[in-house]
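[1] requesting a structural model of the entry that follows:
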Amino acid sequence: MKPPIRSLWRVSHLQIPRTSVIRPDCRRSIQTLSTSAGSRSITASFLYSRLSRTSSTAAFKRPTLSLVQPKIPKMCRFMSDNPGAANTQGRIVLPTDVVPKHYDVTLEVDFDKFTFEGTAIIDLDVAKDTNSISLNTVELEIHSTSVHADGALVTSSPTLSYDADTQTTTIELGKSLSKGQKVQLKHTYTGQLNDKMAGFYRSKRRDGKYLAVTQFEATDARRALPCFDEPALKAEFTVTLIADEDKTCLSNMDVAKTETVDSKITGGKRKAVKFNRSPRMSTYLLAFIIAELKSISTDKFRLPIKVWMTPEQNEEDGKFALDVAAKTLAFYEKAFQAPYPLPKMDMVAIPDFAAGAMENWGLVTYRVVDLLFDQKSAGAATKERVAEVVQHELAHQWFGNLVTMDFWDGLWLNEGFATWMSWYSCNEFYPEWKVWETFVIDTLQGALGLDGLRSSHPIEVPVHRAEDINQIFDAISYSKGSSVLRMISKYLGEETFIEGIRRYIKKHAWGNTQTGDLWAALGDASGKDVAHVMDIWTKNIGYPVVAVTENEKDSSITVKQNRFLRTGDVKSEEDKVLYPVMLSLRTKDGVDESLLLTEREQTFKLKDGLDFYKLNADHSAFYRTSYTPERLTKLGEAAQKGLLSVEDRAGMIADAGALAASGYGKTSGILSLLQSFSTETQFVVWNEILTRINAVRNTWIFEDESTKDALKAFQLNLCSAKAHELGWEFSEDEDHIMSQFKSLMFGSAGLAGDKKIQSAAKEMFSKFTAGDYAAIHPNLRASVFAMVLRDGGEKEWDAILARYHSAPTSDEKNTCLRSLGRAKSPELIQKTLKLALSGEVKTQDIYMPIGGLGTTSGGVEKRWEWMTSNWDELVEKLPPSMTMLSSVVSICAAGFTSEKQLSKVEQFFADKDKKGYDRSLQQSMDSIKAKANWLERDGEDVLGWLKENGYLEKGKL
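    Have a look, this model is predicted:
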């Protein structure tokens with residue numbers, strides 16, 4: 001699954017808090033990571049991340065593996081001697097008495113009552129003697145149940161009991177089933193076609209008509225059919241959908257036959273579309289859609305690929321994703337040497353969709369904005385996002401669908417790898433985008449930001465309940481997972497790493513795995529004990545900061561590792577883990593990937609002396625580096641001489657900023673370092689520079705106006721010249737990165753007070769509101785809206801709201817929504833907050849307008865008051881069990897910066913049932929604590945630096 005867009009991008013100059021969904025894609029919902037030192041911010045150009053390194057498809061042979069399904073399922077293996085064995089203690093799971101083999105599911109929807117009628121016939125193998133069967137259901141009214149064993153009726157009227165806490169229905173049979181028997185369980189039932197974007201739910205078109213669609217990950221298949229809703233309990237599925245003739249019916253497989261049947265709902269005739277039997281797969285990957293749809297297709301892959309959309313959408317907007325999909329499936333087949341095993345690939349744009357996308361096998365579903373791309377009205381970053389999301393979901397067709405984690409504590413095996421592979425393939429197709437450079441400032445820094453909190457969790461995190469599962473679709477599972485894969489791929493070498501992946505897929509196709517199975521495959525390919533090196537990284541919270549000291553006498557460096565915390569208050573009992581740190585030493589002779597720090601402290605002699613060196617070359621490893629001030633100065637000089645890569649420069653700035661914010665240095669030091677980069681020429685480095693400035697500005701948001709004005713003056717002084725040098729005109733064939741660079745600098749300088757840019761923005765907006773919608777280039781739209789709203793009034797706010805309602809694309813609608821929160825006046829802040837719950841904004845998008853309010857102290861305070869005063873309505877609209885509430889909670893607490901405000905958060909939630917958002921709430925509170933500590937440490941330091949450098953005076957102008 002891919003998190004919604006908010007979770008994977010940075011928008012530096014808009015100072016919108018970076019959210020971490022992830023749930024990538026983030027989870028289905030909108031989980032967020034509070035803005036603070038070390039967290040990402042988000043740029044108006046919406047630069048999204050993706051991963052890649054230059055490689056050649058020539059290295060990939062055509063697939064030779066025939067993916068034949070084994071007759072016996074590979075079930076979860078919980079033996080202690082299994083290298084991937086996980087701790088299963090405390091999990092709430094189904095009994096292991098029976099094993100599902102096949103589901104025959106028939107569904108018919110009533111769009112008037114928002115219900116559906118279902119029949120589910122489940123074939124089971126009895127694994128051990130039992131007199132009951134338990135399976136998962138939620139909000140299903142079961143009308144009849146019958147059980148046959150070896151063809152003979154066992155019961156047609158069993159006793160059923162329901163446990164709401166575990167979401168299980170238990171069928172008491174009245175007699176015993178014996179091990180080895182073949183059982184058929186049949187249910188007829190009615191379910192709710194809900195509006196919560198989970199299970200089998202309804203999505204509303206612009207014209208008021210509805211789609212019936214599914215979203216089952218992680219544990220919502222049980223809302224559509226009684227089932228064994230755990231990833232290891234794979235089975236085959238035969239689906240039949242009954243619908244009106246004008247409706248398109250889609251499922252994972254291709255259509256076997258269509259016939260006319262009597263409708264239980266209408267009393268008339270309807271069509272019944274039966275799909276071919278699926279391969280063995282987990283319940284969360286089952287999918288079906290009933291809706292009026294149209295499609296476009298391509299023959300550029302050996303199997304049919306289609307992009308589906310609602311009638312009002314433009315077919316042209318699906319062509320880019322369609323082309324990416326065809327190239328990506330072919331590329332993955334070569335890379336994995338394993339064919340895509342289903343007969344077709346459908347990709348569908350859904351109007352109401354909580355995630356960014358969902359990897360249902362053969363039927364991938366997307367938010368509209370993440371699939372349909374209008375070349376004329378969308379910017380470069382949107383194009384990049386669409387490519388990355390499509391590639392992420394298609395990577396899941398192998399990693400997650402063909403080979404699946406055995407339980408949700410192995411989620412990272414799905415999401416971390418799909419994230420890594422999306423960068424890898426994106427770089428292959430679009431090397432000019434230089435996405436590996438972006439990875440360092442986006443995915444890597446997002447993971448380091450969240451994992452620097454005390455309330456983070458290991459990559460392999462024990463999960464026991466559904467609400468626990470939902471909360472780990474975050475920057476750890478996605479971004480840290482992909483970051484450690486990038487790290488081990490560098491350590492082993494890319495070709496060796498890919499060979500290990502091929503072995504992993506070949507061995508475990510159609511089955512379930514644990515992390516140890518991946519390490520074993522990589523170990524087989526490399527001849528190295530990968531598990532010994534990597535287990536520590538996946539089983540523990542956090543990461544180290546590596547402090548470097550120098551000994552000039554023997555040209556050696558001593559490196560020492562300690563746990564890094566953003567709050568800067570690591571306790572001795574929290575600092576016991578020693579990581580195998582891949583130091584990756586860069587010197588004038590190149591990069592030595594072999595150096596490994598395995599102790600608390602080690603000394604390494606540099607054969608070329610101390611003149612030039614840098615640890616963590618290209619920031620390929622998962623740690624931060626703390627240099628002496630003198631060495632940091634020398635590295636700055638090396639950057640000017642071209643001795644450091646873009647990744648090195650951006651990563652060095654990120655480390656220095658995060659360390660200063662956490663008390664490992666002074667904030668005045670990072671401000672001076674940033675000032676020295678005023679002549680920097682690369683977009684990615686500038687993006688990190690502005691992210692670090694905004695980390696300071698967001699933390700100082702409640703300080704006196706003179707200090708805030710001085711920080712704004714510093715930003716203006718730093719970036720204005722570069723903004724004017726680049727300009728803000730765009731040619732038709734504008735370079736992809738340059739488009740985003742211009743957008744970044746235009747917005748950063750304009751929002752910092754550049755008069756010429758502000759004047760240009762107002763002129764563009766005036767033409768735009770007069771009907772010339774081309775007057776604002778898509779790459780500048782968010783920046784222009786932000787500037788006019790910040791300095792404007794109700795007229796500008798109303799104009800952007802009107803455009804939100806009339807905009808032809810989801811991309812532009814989202815920009816309007818995010819921008820509305822930029823208004824500063826109390827009246828417009830209240831209008832924005834009222835809008836969020838007015839019904840004018842889709843439930844999936846509630847976070848957008850309130851997110852924008854984080855750029856002013858008044859907005860931060862008022863959105864908290866809004867949340868607390870509307871708490872009951874929010875809980876009703878965004879049930880905690882469906883995870884969207886956690887996103888709003890995190891956003892509304894994100895801007896706080898003091899102990900007093902932290903106490904306010906703690907007091908409000910003291911008597912609340914926090915199931916479903918407790919982890920993200922604690923992360924938000926830890927982030928507030930980190931900012932409060934930073935302010936207390938460096939408040940005077942920053943003030944002194946601003947005064948010494950003349951910004952207090954400039955801020956008055």
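[2] what is the burial count for residue 225?
    If you count neighbours by other CB atoms under 10 Å, residue 225 ends up with 30. (Glycine included, C-beta is placed from N, CA and C.)
[3] likewise for the one 4 residues further on?
    When neighbours are defined as other CB under 10 Å, residue 229 has 26 of them.
[4] distance of it relative to residue 827?
    Residue 229 sits 48 Å away from residue 827, going by CB to CB, to the nearest Å.
[5] could you do residue 340 as well?
    For residue 340, the distance to residue 827 equals 55 Å [CB to CB].
[6] excluding chain neighbours, give the residue nearest to residue 343 in space.
    Leaving aside its sequence neighbours, residue 343 sits nearest to residue 254 (CB to CB, 6 or more residues apart in numbering; 4.7 Å).
[7] now the element after the host helix or strand of residue 483, going C-ward?
    Assigning secondary structure by DSSP states H and E places residue 483 in helix 481-492. For helix 481-492, the succeeding helix or strand toward the C-terminus, using DSSP H and E, is helix 494-508.
[8] by contact count, what packs against that following helix?
    On a contact count with 3 or more CB pairs under 8 Å, 6 or more residues apart in numbering; DSSP states H and E, helix 494-508 meets helix 319-336, helix 481-492, helix 515-526.
[9] need the next SSE after the one helix or strand residue 120 maps to, C-terminal direction.
    Using DSSP H and E, the element containing residue 120 is strand 115-126. Past strand 115-126, further along toward the C-terminus, the next helix or strand under DSSP H and E is strand 130-136.
[10] helices or strands next to that following strand in the packing?
    Counting contacts by 3+ CB pairs under 8 Å, 6+ apart, strand 130-136 packs against strand 168-177, strand 182-192.
[11] the ones you listed: which one's closest to residue 484?
    In terms of CB to CB, the element of the helices and strands packed on strand 130-136 nearest to residue 484 is strand 168-177, at 35.1 Å.
[12] so between residue 340 and residue 827, which is more surrounded?
    Using other CB under 10 Å as the criterion, residue 340 and residue 827 rank with residue 340 on top: 24 against 11.
[13] show me what contacts the nearest residue to that one once chain neighbours are set aside?
    Once flanking residues are discounted, residue 340 sits nearest to residue 329: 5.4 Å by CB to CB, 6+ apart. Residues in contact with residue 329 (CB atoms under 8 Å, 6 or more residues apart in numbering) are 301, 303, 305, 340, 345, 394, 397.
[14] just those residues now: which is nearest residue 549?
    Taking the contacts of residue 329 together and measuring to residue 549 by CB to CB, the closest member is residue 394, at 47.0 Å.
[15] hang on, that closest one packs against residue 332?
    Yes. Judged on CB atoms under 8 Å, residue 394 makes contact with residue 332 at a distance of 6.4 Å.
[16] contacting residues for residue 305?
    Contacts of residue 305 (CB under 8 Å, 6+ apart): 297-298, 322, 325-326, 329, 344-347.
[17] so which residue of the protein lies furthest out from the middle?
    The C-alpha centroid of the chain is most remote from residue 152, which lies 48.9 Å away (CA atoms, centre = their mean).
[18] list only those of the contacts of residue 329 flagged as buried.
    301, 303, 305, 340, 345, 394, 397 (16 or more other CB atoms under 10 Å).
[19] okay, and which of the contacts of residue 329 map to helices?
    residue 394 (DSSP state H).
[20] any chance of the contacts of residue 329 in CSV, plus pLDDT?
    As requested, the contacts of residue 329 are exported to CSV (pLDDT from 0 to 100):
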residue, pLDDT
301, 97
303, 97
305, 98
340, 98
345, 98
394, 98
397, 98
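[21] so which of the contacts of residue 329 comes closest to residue 764?
    Closest to residue 764 out of the contacts of residue 329 is residue 394 (37.6 Å), distances taken as CB to CB.
[22] quick check: which of the helices and strands packed on strand 130-136 is buried the most?
    Sort these by mean neighbour count, taking mean count of other CB atoms under 10 Å, and strand 182-192 sits at the top with a mean of 19.
[23] and the angle from that strand to strand 130-136?
    Strand 182-192 and strand 130-136 are oriented at 30 degrees to each other (axes from the mean of the first three to the mean of the last three CA atoms, to 10 degrees).
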